[in-house]
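Asker: Okay, sequence plus prediction incoming.
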Amino acid sequence: MRGRIAIGCLLASLVAGCSLSPYFENAPQCAEGETRDRALACGPCLMGTATDICDERRQWVEIQCDDPTDADHDMFPNYECVLGGPVDCNDTDPAVFPGATGLEECIYQATEACTTACGTPGTRTCDAACIWGPCTAQEACNNHVDDDCDGETDELDPDQCAPGTTVPCTTNCESTGTGTCTAECRAAGADACDPPSEVCNSADDDCDTETDEDFRCLPGSTVECTTTCDSLGHGTCTDGCAVPPRADCSPGIEQCNGQDDNCDGVTDEGWPCAAGAIDRTCTPVGGGSGYRVCSLTCTWGACMVNTETCNGLDDDGNGQTDETFDCIQGGSTPCETTCDVAAHRSATGTGTCSTSCTLPAPAACTPPAEVCDGADNDCISGADNGFTCVRGSTVACTTTCATTGTGTCTDACAIPAVASCTPPSETCNGVDDDCVSGPDNGFPCVRRSTVACTTTCGTTGTGACTDACTIPAAASCTPPSETCNGVDDDCRGGPDDIFQCVRGSSESCAHILCGGTRTCPSCGWTACSGYDTPSVTLYDGTNYTGSTHGSPYPWGSGCVYIGDDWASSMKVQLNAGQWINLRDESCGSSPGTVCSFVGTGCEGDIPDLSAFGCTAGSGTVGGIGYICRASPCDGGESTMNNTVNSIKWSTGSYDWAAP
């Protein structure tokens, strides 16, 4: 306390502006190299211990300051300073001090409560830069909240569990059992932990106070076992709680029991005789051959006269045993099995001869293994069980055309080869059943195949063979496409309906002004023919001569006209593109009149062209082409203006009769 008061006085003098000389005028001198420690003498809070050394001038010089308030010696005190002022938030790093970065906000390693990014309560710690670290939280058990903001709820630590689930736990007897995880995410306590089943481990697993009680023995204990010579021995229980194997079983001492107890290859050695042994060298009372039997106590019995009895021994010394009986007592003997009796056949099984030397009953007779012979040898599941089929029986097989036929099971109890398999009768199924002439032979058609059939209009179409292998009915028969044959192939629109005409037909026709006939040899009409051929006589252009011209006058060199005399026949031969005027006078200077043709020629009348007034141009009247001239054929015939006066014809001869 006095040191702190002195420091306080010293600081007060400095604040008041006083000199410090009075404090050091009487300072003692020191020896060079001497050191000393001064408490509360250094550091920003004067709470450090200063270490001084005496220099060559024999004056004290401070060489070290051990200050708990300024561990990093940056002259900024930490929170332990009692004088107040700026506090060094990280007194372990001289680069961190008040004002160093302007970001200082906390004391290094300090902690405080905070709220995490996902809104849960957490804590944060001030880092070395005096800045608060992230706000974190530990996941709580079963609060259904994502406490640690990792996107998962109530995820578990390795030593936790999900409440309500079955988890391993420790029982009251220290074994590992199972129980229900508690609401605190911990394994069930011992009282609530169900013990496991007992296992071989020298421990009480099921908590019943017994160890390995469900096994033959306890590991390491001495137990009885069977030796290599089938005698009773002793050995050590294995780690798996099992009786030791024969090789590890030690034989016991030899006993009188008719067995090799000590596994030395000898029976009942050390006794007068081996139990059950027979001596046939003794002489019975009264003489003759006899025998004696070693008793169960390994002593010889009395010598008896040899008489064969049922005992499994050669009583009468003739080298045979029980020869007067059905079989040797206790020995293996042929016998009839239950299936031998059922099949009325000789014995095929084996069994043990009874104590009365009779054959075993069929039920006690063991059948032989099954063989391929068409018989039930082993009295199980009938003849040749275990083989593919019963030898000699009729079985299903695959034919040469892959159908299912029948054949005889081979001597090796195998399905017959395809060549030996008889096909079935042919049925309507789209398959070649009988391997003859293809599928559905013998039926009108192959089921569901495409076949020819008769349509509703009597033509030959196509359809699917029915499920009864019959030709489809007309309603199910698809007609063919229409062809040029005078027949209605496609059953719609009549014969040759997609062509111009019906092949072989004919009809009347008009050839310009005359009637004729046209025919249809290949579904297209021929030209009209057979019409009448009257003639027209032409004038020569100046006067009527009654002569017939072989060709008309060319248009433009004069008018071709017809005179007043109609007694004679008239004919005109025209070329393609030429015209003929319809006039009844010459092309002289005298005006004339337009001729009216209303005659009785050919198939009808020539139309009266005089009634058709027109303007210059061309057109058609009643199918006959015409031209209307703006002027007559010569300038002197004004009455011809704007009247029909000429007709244009195609190539050929066109005839009509006079009216």
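Answerer: Received it, and whenever you're ready, just let me know what you need.

Asker: The residue lying closest to Arg36 once chain neighbours are set aside: what secondary structure?
Answerer: If you skip the residues right next to it in sequence, Arg36 has Asp52 as its closest partner in space, 5.1 Å away by C-beta to C-beta, 6 or more residues apart in numbering. (C-beta placed from N, C-alpha, C; glycine too.) Under DSSP: H, G, I helix; E, B strand; the rest coil, Asp52 falls in the strand class.

Asker: which residues does Asp52 bridge with?
Answerer: Arg36, Glu62 (DSSP bridges).

Asker: residues touching it, list them.
Answerer: Thr35, Arg36, Asp37, Arg38, Trp60, Val61, Glu62, Ile63 (C-beta atoms under 8 Å, 6 or more residues apart in numbering).

Asker: Can you tell me which of those residues has the most neighbours?
Answerer: Each of the contacts of Asp52 was scored for neighbours by other C-beta atoms under 10 Å, and Trp60 scores highest at 20 neighbours.

Asker: ok, the closest residue to Pro98 other than its chain neighbours to Thr92 distance?
Answerer: Residue nearest to Pro98 in three dimensions, not counting chain neighbours: Pro86, with 3.8 Å by C-beta to C-beta, 6+ apart. Separation of Pro86 from Thr92 (C-beta to C-beta, to the nearest Å) stands at 17 Å.

Asker: how about the helices in the chain?
Answerer: Per DSSP state H, the chain carries helices over the ranges 2-16, 21-24, 338-343.

Asker: pretty sure Glu323 is touching Glu308, no?
Answerer: Yes - under the contact definition of C-beta atoms under 8 Å, Glu323 touches Glu308, with a separation of 6.5 Å.

Asker: Mind checking which of these two has more residues around it?
Answerer: For the pair Glu323 and Glu308, the greater number of neighbours falls to Glu308 (17 against 13), based on other C-beta under 10 Å.

Asker: wait, what's in contact with that one?
Answerer: Glu308 sits next to Asp314, Asp315, Asp316, Asn318, Gln320, Asp322, Glu323, Thr324 when contact means C-beta under 8 Å, 6+ apart.

Asker: try Ile107
Answerer: Counting by C-beta under 8 Å, 6+ apart, the residues that Ile107 touches are Tyr79, Val87, Cys89, Cys126, Cys130.

Asker: residues contacting the residue nearest to Gly99 when sequence neighbours are not counted?
Answerer: The shortest distance from Gly99 to any residue other than its chain neighbours is 7.4 Å, reached at Pro86 (C-beta to C-beta, 6+ apart). Listed by C-beta under 8 Å, 6+ apart, the contact partners of Pro86 are Phe76, Phe97, Pro98, Gly99.

Asker: Please repeat the previous calculation with a cut-off of 10 Å.
Answerer: Pro44, Phe76, Pro77, Phe97, Pro98, Gly99, Glu104 (C-beta atoms under 10 Å, 6 or more residues apart in numbering).

Asker: so how far is Asp497 from Cys491?
Answerer: 10 Å.

Asker: Over to Arg391?
Answerer: Here the criterion is C-beta to C-beta. By it, Arg391 lies 72 Å from Asp497.
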